[in-house]
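Asks: Prediction below, plus the sequence it came from.
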Amino acid sequence: MNDKERMEELVKILDKANNDYYVLDAPTMEDYEYDKLMVELTKLEELHPEYKDPNSPTSRVGGEALKKFESVTHDVPMMSLADAFSYDELREFDQRVRKICPDACYVCELKIDGLSVSLKYENGRLQRAATRGNGVKGENITSNAKTIKSIPLSLNVPLTAEVRGEIFMPKKSLIKLNLEREENEEELFANCRNAAAGSIRQLDPKVTAKRNLDVFLYYATSGVNVNNQYDALCKMKELGFKVNPNFRLCKNIDEVIAYIEQMGQKRDLLPYDIDGIVLKVNDFKEYDEIGVTAKYPKWAIAYKFPPVEVHTKLNDIIFQVGRTGNITPVACFKPVLVQGSVIARATLHNEDFIKERDIHINDTIVIRKAGDVIPEVVKAIPEERGKDAKPFLMIKECPCCHMPLERKPGEADYYCVNPLCDEKRINSLIHFASKPAYDIDTLGEKLVRSLYENKLIQDIPDIFTLKDHRLELEALERMGKKSIDKLLNAIEESKKQDLSRLIFGLGIRHCGAKVSRILANHYKSMDAIIESGYENMRQIDDIGEVIASEIDSYFKNESNINLITRLKELGLKMTENVQEIKESYFTGKKVVLTGSLAHFERSEAKKIIESLGGKAVDSVSKNTNIVIAGEAAGSKLLKARELGIEIMDEDAFIAIIEDSKE
């Protein structure tokens, strides 16, 4: 056997071993043997690159990094599904179907909380993988998809087809990834979906390869040659595709609801996240009869699970000091498992929130994840209140510096007004260095606290003098030469940030990222903002009395002006780049964001909308033109539906951004 023949043999052997392990969950080869054969194939490919198979198992470790993702057009549009949030809505769907097809049966499948993918095979070999995008065009992610071991690179039959499914991150993989990110002081992923989306859209496939992504495939546009969805899933499994085993054929809507109840109870036990059940008419011949809308097929619908609520005991209420001095009560309760993560704390917002819900220490309380992400206290259960229950009492002194707290008329929060409060200063520094503000890479919360406690930074300008304190930095735990160089380089690089980020980073009360951008775009320089004054600011759209008053007060404070002067002397940019407004689908339209976006911070998405000629607004009204709905979108999405406002998902948003680049 010559080298070329041996390479072909090794590809077949390793492909089968991969499929047995990752798709069939029935390993047939020891890890040692697999690794040995992989090393042999790698060496042969290095020796004979002209014989290397483009879909070789060695490509799963990741190839060269891309500069950008190419846009691709789907052969058949990837439509999204209409949502149902109640059994009544499911029954209405069933009635609509049965008016046309009285004997319709349904196939129910788990709605995997991940990222839609299209896989194109020609003669049994993977040729292309693409994201859903806007349904018509997506992004070519072939290099990254090849790193997912449950995606077959070659099939055992010469199939030509487009197969669709959901890329996801298993719960265990998210835990491992977040532990690594926490150790490196990187921002943690909020959930498995965000982690999967962030991983599959990496320009460097080697990063994707380390993220341990997985896939379930559920639909083939061609090549399977069956008459219904149930048989299609069985056939896809035969062909070597990984299909979720929890699908079921249901004769009527009552069986569908029973299946939903059953899977809802098992939801937390699954090794991956699901956020609902997909319901499809089984018989393909009935699809044409039932039809489609411009956005959705009428023969399928996605039932979304309501937020999971659990009961636990409230052990204590503690208080945190924010960057502006605001005091936030925090519930500390007996740890509970909610949708895959253990939760022991949640914000109680303010005194009014607690009193309105009559929450006592030692009460039984109801916890859930708002939008399936953020832990929240829903209510207390007074009927279960014991003799050890203690009424909530708001503190009168700062828990850090013990100075008296103040509460302004008409405001819900109490504030520590001591400018020298340690916790307040530390949180100001953390905020300034954070990604939405000055975005200083590697300067996370742990390092900020360490630098503050060691007197290396006490206020914002001190960050930019750290280069003069290398010896002191070297004395800190886990601060070697490379770490110090990386930190100092990131600090120096951050000086180029625009004025809007600086304004936001200063932490002025009521001056969030949006207001900071408005000020920077309007005045163009820090000097112009300082000189403007209250009356001038009030002339700007979206700058109300309270906001203008807080900003004016900040810039009339001598110590704040001195701080800005020091930053100017240290070389920080004090002007805003005049952003070129591009013509796009958003031009002249008011756009609302709701729900959790996988690829963008909320502030980043708003900035993009405005750069494309749109106006990002916070609330839905009859004047709103578009609502961009992420995962777990709530009341804003419902209101948009009631008002007949255009709704688009995150993939469509990305497609508009990509179109604007062409």
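Replies: Alright, I've got the coordinates.
Asks: Could you list the low-pLDDT ranges of the stretch 501-650 of the chain?
Replies: For the stretch 501-650 of the chain, the stretches flagged by pLDDT under 70 are 578-581, 632.
Asks: Can you give me the buried ones in the strand or helix carrying Gln95?
Replies: According to DSSP states H and E, Gln95 maps onto helix 87-100. Of the residues in helix 87-100, 90, 93-94, 97 count as buried by neighbour count, 16 or more other CB atoms under 10 Å. To be clear about C-beta, it is placed using only N, CA and C from the backbone, and glycine gets the same treatment.
Asks: before we move on, what about stretch 285-296?
Replies: Buried residues in stretch 285-296, counted by 16+ other CB under 10 Å: 286-287, 290.
Asks: Distance across that stretch, terminal residue to terminal residue?
Replies: Length of stretch 285-296, first residue to last, CA to CA, to the nearest Å: 18 Å.
Asks: Touching it from outside, list them.
Replies: 79-82, 97, 100-101, 104, 227, 281, 297-299 (CB atoms under 8 Å, 6 or more residues apart in numbering).
Asks: Go again with 7 Å.
Replies: 79-82, 97, 100-101, 104, 227, 281, 298-299 (CB atoms under 7 Å, 6 or more residues apart in numbering).
Asks: State the mean pLDDT of it.
Replies: Stretch 285-296 carries an average pLDDT of 85.
Asks: what does stretch 9-18 give?
Replies: 83.
Asks: Buried ones in that stretch, by neighbour count?
Replies: Applying 16+ other CB under 10 Å to stretch 9-18 flags 10-11, 13-15, 17-18 as buried.
Asks: Quick one: mark the members of the buried residues of stretch 285-296 that sit in helices.
Replies: 286-287, 290 (DSSP state H).
Asks: In terms of distance to Val256, which of the buried residues of stretch 9-18 ranks first?
Replies: Asn18 (35.2 Å; CB to CB).
Asks: I'd like to know which elements the lowest-mean-pLDDT helix or strand in the chain is packed against.
Replies: Ranking every helix and strand in the chain by mean pLDDT, DSSP states H and E puts helix 31-47 at the bottom, with a mean of 78. Helix 31-47 is packed against helix 3-18, with contacts defined by 3 or more CB pairs under 7 Å, 6 or more residues apart in numbering; DSSP states H and E.
Asks: what sits up against the helix it packs on?
Replies: By CB under 7 Å, 6+ apart, the residues outside helix 3-18 that reach it are 28-29, 34, 37-38, 40-41, 44-45, 47-48, 51, 53, 56-57, 149, 153-154.
Asks: can I assume Phe504 is in contact with His510?
Replies: No: counting by CB atoms under 7 Å, Phe504 stays clear of His510, with 11.8 Å between them.
Asks: So for those two, which sits in the more crowded spot?
Replies: Shown here are Phe504 and His510; by other CB atoms under 10 Å, Phe504 has more neighbours (26 against 14).
Asks: tell me the contacts of that one?
Replies: Phe504 touches 436-437, 512-513, 516, counting by CB under 7 Å, 6+ apart.
Asks: at 8 Å instead, please
Replies: Phe504 touches 436-437, 511-513, 516, counting by CB under 8 Å, 6+ apart.
Asks: If any of the contacts of helix 3-18 are buried, put those into a ChimeraX selection.
Replies: Burial among the contacts of helix 3-18 is assessed by 16+ other CB under 10 Å; the matching ChimeraX selection reads:
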select :29,34,37,38,41,44,45,51,53,56,57,149,153,154
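Asks: With neighbour count and distance to Ile112 added, can I get the contacts of Phe504 in TSV?
Replies: TSV is the format used below for the contacts of Phe504 (neighbours: other CB atoms under 10 Å; distance: CB to CB, whole Å):
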residue	neighbour count	distance to Ile112
Pro436	16	30
Ala437	23	35
Cys511	20	40
Gly512	13	34
Ala513	20	32
Ser516	25	38
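Asks: Could you work out the most separated pair of these?
Replies: Farthest pair in the contacts of Phe504 (CB to CB) is Pro436 and Cys511. Separation: 12.7 Å.
Asks: Let's test this: what are the backbone torsions at Leu110?
Replies: With angles defined as degrees, to the nearest 10, Leu110 sits at phi -70, psi 140.
Asks: per-residue confidence at it?
Replies: Per-residue pLDDT puts Leu110 at 97.
Asks: Just give the nearest non-adjacent residue to it, would you?
Replies: Distances taken as CB to CB, 6 or more residues apart in numbering put Ile274 closest to Leu110, at 4.7 Å, once the chain neighbours are dropped.
Asks: in stretch 599-619, what counts as buried?
Replies: 599-600, 602-603, 605-617.
Asks: got the end-to-end distance for stretch 463-475?
Replies: First residue to last in stretch 463-475 (CA to CA) measures 17 Å.
Asks: Can you list the neighbours in contact with that stretch?
Replies: Here stretch 463-475 has contacts from 429, 432-433, 440, 443, 451, 454, 456-457, 479-481, 484, 487-488, 491-492, 495, 567, 570-572, using CB under 8 Å, 6+ apart.
Asks: ok, so of the contacts of Phe504, who is nearest Leu447?
Replies: Ala437 (15.6 Å).
Asks: Is that closest one in a helix, a strand, or coil?
Replies: coil (DSSP: H, G, I helix; E, B strand; the rest coil).
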